[in-house]
Structures are given as C-alpha cells and as structure tokens.
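Peer 1: Pasting a predicted model and its sequence here:
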Amino acid sequence: MLAVVLFCTTVQLSFAQKKKIEIPNIEGYYTLKADFHMHTVFSDGHVWPTFRVNEAIRDGLDAIAITEHMDYEGFPDEIARDYNKSYEIASKAAQIKGLIVIRGVEISPRVPPYHHNAIFLKDANSFPFDYMENTHQKFIMKKDLTHEQLMAPFLEALNQDAFVSYNHPSFGWWDKKDTVLFTSFHEELLEKGILKGVEVVNSGRYNIIAHRMAMEYNLTMLCNTDEHYDMYPRYVESHRPMTLVFAKEKSQQGIKEGLLARRTALYFDDLIVAREPEARGLFNAITKITAQKKNSKDEQQIAVLIENKSDIPLQLKIKGPYDWENLPLGNLELGAQQQLEIFLKAVWKYPETINLEIEVQNFLVDPDHAFRTSVPVFIDEL
Ligand SMILES: [Zn+2]
Ligand SMILES: [Zn+2]
C-alpha cells in the first residue's frame, strides 16, 4: 500500500517539474511567461475559472488573460450572462499566489475581421454585439449585419484603451472567396490605432501567414493556447506554449508596456519565434561560452565550453576559425540546462580571442531566417 502511494507521488512530482519552464531574465527586462487567450464555462469553455489559475501556477506562468467570447454563451440556462465574472473569480483565486490575471474578451464575428482579443479591460460587459441574432449555445449572426455593428465592439476596446490582437488568422471559417486575410477592415483598425497584435501561434500551431502579417504590419507577436478544456493532455509530450514578454516590471502595466513595445518571444514545442533584438537578448541571457587552451597528445587545441542556462533546448550550427573535432558541419544540440565541451583542432598558434559564428536553428527571426550571431570568446590559459 505504501509503495503505491510513493509511486503516485513520484509521478506527480516529475510532471510538475517538467511543466515549469525556467528562462532567465534578459538584460534590462524581466522575462515573464504568459498566455493571453483562454476560455471558461462563462463562454464556450468547459472548466471553472479557478481551474485556469491552478493550471497557470502549475505551469509556472506569470500572467494569464481570461478572454470569454463577448457574443456567445455556452450554458445560458445554468450561468447568467456576465463576462466579468470569470475574471473576477480567477483574479480572486490568484491574489495570494502571485499570478497576474488580466481581464479580456474575444470579439468573435465569423466574417471579417474575424476573431480578436481585447485585453486590459475595465468592463467586459460593455461590448456591443448587435451583429448577433442568437448568442445562446448556437452562434448565429444576423443576415443583414452592418459594418457599424461589427466596428462597435472595437470602438469600445479603443474607449477602454485595450490591447487588441487578431486571433488565429485563416481559421476554418475564413471565407476562401475572400482571398485576403488582412482585409480592409483590418486596415481600418490599424488606421484607428486599435489593432496592435496578431496570434502567430494558436493552440501550439505555428501560422506562417500570421508571422508574415506581423512583419508587414509591425504587429506584436503572440503565442496563446486558446484552451477550452483541460490544458494538460494536449501538451503532455512537450510543454505549454507561451508568450514571453520582456517587461520593465512584473505587473499588468509592465506587461502592457512590453506588448505595446512588441518585446515578445513565442515559445512552443522546441521553437522560439522573436524579432531580432528579442532573439538576441534571449540567446545572450541563456547561453554562456568560454574557451581554454588545451593540449591533446602534443596537439594544440581550443576547448570551447557552451552552457545553456534555460529549459529551452538549442539547435546550434557553429563555425569557428579552425576545424571542429568530431562535430560534422558544426551542428550541436544543447539540451535544457546542458553544458557541452567541443574542441577546435590544429591550432598552430594560439590567438587571444576567437569569433564563433552561430546560427540558432530553432530561433526564427522571420518566417525565412534563423537567428545568427557572432560571439567573441577570450582564450584562457591551460
Ligand atoms: Zn477564436
Ligand atoms: Zn478563443
């Protein structure tokens, strides 16, 4: 009996340890782990708001946004319409646990401009949804809806100084006859200063169209789960996808400032998607490279020690000024928290420093390029 209890405890512990991702702060900023898109029973989700809080704490997140559809009720007979309620329940549960909970909604028409989140709200109940025919369990829009009706919730988001982002562009109900995903409606949202971000990763899926959109329109990139059920089974083989926000302070205001400044990195599977400055900041924060003279059977070599100080695995391609020993093409996989020593051969005359040209093949700085950097390394004596 005792053995069984011990066995169960071990399994739970290892799961919890695996799910908490360690990523150091980068120079000048806190690295905050966040998920800005999720649902509960207060719209079409299937969990209670406190469940979202417990999941986030288990997964080591710093912040979550609760984003109910403001135009849909999944359980109208059981739960009165109140899109603030899930935020209120979650933020109360999170208070003593250090998790930041952000009030949001998902504006969810199935015609352009499609789904968008508005977060950092004061009131989630004041969003007009006159384009809807029926919001009870079936999502039915009016046939003769107007541009004004569709624009109304976005103007309310502007009124509340919300951060608005385009969710999962090209999702299933996108009208393929309309070959444009960034529509004239989106142009209008940009002109009005409403649209700020786009979900490049939704539910763990990388969306290259959204990535190109982020580049072209200079939008903040986000990686959200958009979870409706229990988070656990979907990501058991990897880790929960998350948006890393590089913030000046660990607070709602700090996160909002970081999002508006586009300082994010998206972490899902073994990949990072970030703009060049954030990719560089993250790479510099999580790696340490040192080098030392080495004598191997009277052959002068340089021993290079590479350390990964995070749980993000690194797929590197390293070019040095000499030839690597036993490292074809300079390809090196550096696992979470791993240190590896590699050797440069045939160094007839020791230099003071060497430059390593590194491509981080699992860091995407745009849809077509991996992050590259040149790292000068001082050579220590034997
Ligand atoms: Zn959606
Ligand atoms: Zn959603």
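Peer 2: Nice, I can see it. Nothing here was measured: the structure is a model prediction, and the numbers come from that model. Numbering: from 1, shown residues only. Ligands and ions are numbered 1, 2, ... in the order given.
Peer 1: How about the residue of the stretch 251-382 of the chain found nearest ligand 2, nearest residue that isn't a chain neighbour?
Peer 2: The stretch 251-382 of the chain approaches ligand 2 most closely through Phe268 (16.5 Å), counting by CB to the ion. (Each C-beta comes from the backbone N, C-alpha and C, glycine too.) Excluding the flanking residues, the one nearest Phe268 by CB to CB, 6 or more residues apart in numbering is Pro241, at 3.7 Å.
Peer 1: I figured that neighbour was touching Cys223, is that so?
Peer 2: Yes. Judged on CB atoms under 8 Å, Pro241 makes contact with Cys223 at a distance of 5.1 Å.
Peer 1: Quick check: neighbours shared by those two?
Peer 2: 201, 266-268 (CB atoms under 8 Å, 6 or more residues apart in numbering).
Peer 1: For those, name the two members farthest from one another.
Peer 2: Across those, the longest distance by CB to CB is 8.9 Å; it joins Val201 and Tyr267.
Peer 1: shared neighbours of those two, which are they?
Peer 2: The contact sets of Val201 and Tyr267 overlap at 223, 241 (CB under 8 Å, 6+ apart).
Peer 1: so when I look at Glu148, I'm seeing a strand, right?
Peer 2: No. Counting by DSSP: H, G, I helix; E, B strand; the rest coil, one finds Glu148 to be helix, located in no strand.
Peer 1: pretty sure Ile119 contacts Thr67?
Peer 2: Yes. Counting by CB under 8 Å, Ile119 touches Thr67, with 6.8 Å between them.
Peer 1: Those two: which is more packed in?
Peer 2: Taking other CB atoms under 10 Å, Ile119 and Thr67 do not tie; Thr67 has more neighbours (35 against 26).
Peer 1: Could you tell me whether the more buried one really is in a helix?
Peer 2: No. Going by three-state DSSP, the assignment for Thr67 is strand, not a helix.
Peer 1: For beta bridges, what are the partners of it?
Peer 2: Gly104 (DSSP bridges).
Peer 1: thought it was touching Phe42?
Peer 2: No. Taking contacts as CB under 8 Å, Thr67 lies outside contact range of Phe42: 10.5 Å.
Peer 1: And Lys196, how far from ligand 2?
Peer 2: 17 Å (CB to the ion, to the nearest Å).
Peer 1: partners of whichever strand or helix holds that residue in the sheet?
Peer 2: Of the helices and strands defined by DSSP states H and E, Lys196 is found in strand 195-202. Pairing partners of strand 195-202, with direction, according to DSSP bridges: strand 163-166 (parallel), strand 205-206 (antiparallel), strand 220-224 (parallel).
Peer 1: Does ligand 1 have contacts with that strand?
Peer 2: No. Judged by CB under 5 Å from the ion, strand 195-202 makes no contact with ligand 1; its nearest approach is 8.0 Å.
Peer 1: Stretch 224-241 now?
Peer 2: No. Stretch 224-241 does not reach ligand 1 (CB under 5 Å from the ion); its nearest approach is 6.2 Å.
Peer 1: Return that stretch as CSV; C-alpha atoms alone will do.
Peer 2: Extracted in CSV, the C-alpha atoms of stretch 224-241 (Å, rounded to 0.1, in the frame of the first residue of the first chain):
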residue,chain,number,x,y,z
ASN,A,224,-1.6,31.6,-26.9
THR,A,225,-3.3,28.3,-26.1
ASP,A,226,-6.9,29.4,-26.7
GLU,A,227,-7.7,26.5,-24.5
HIS,A,228,-11.4,25.5,-23.9
TYR,A,229,-10.7,22.2,-21.9
ASP,A,230,-8.1,20.9,-19.6
MET,A,231,-4.6,22.1,-20.8
TYR,A,232,-2.8,19.0,-19.6
PRO,A,233,-3.4,16.2,-22.2
ARG,A,234,-2.6,18.3,-25.3
TYR,A,235,0.9,19.4,-24.2
VAL,A,236,2.0,16.3,-22.2
GLU,A,237,4.7,15.5,-24.7
SER,A,238,6.2,18.9,-24.8
HIS,A,239,5.3,22.0,-22.7
ARG,A,240,2.6,24.6,-22.6
PRO,A,241,3.0,27.1,-25.4
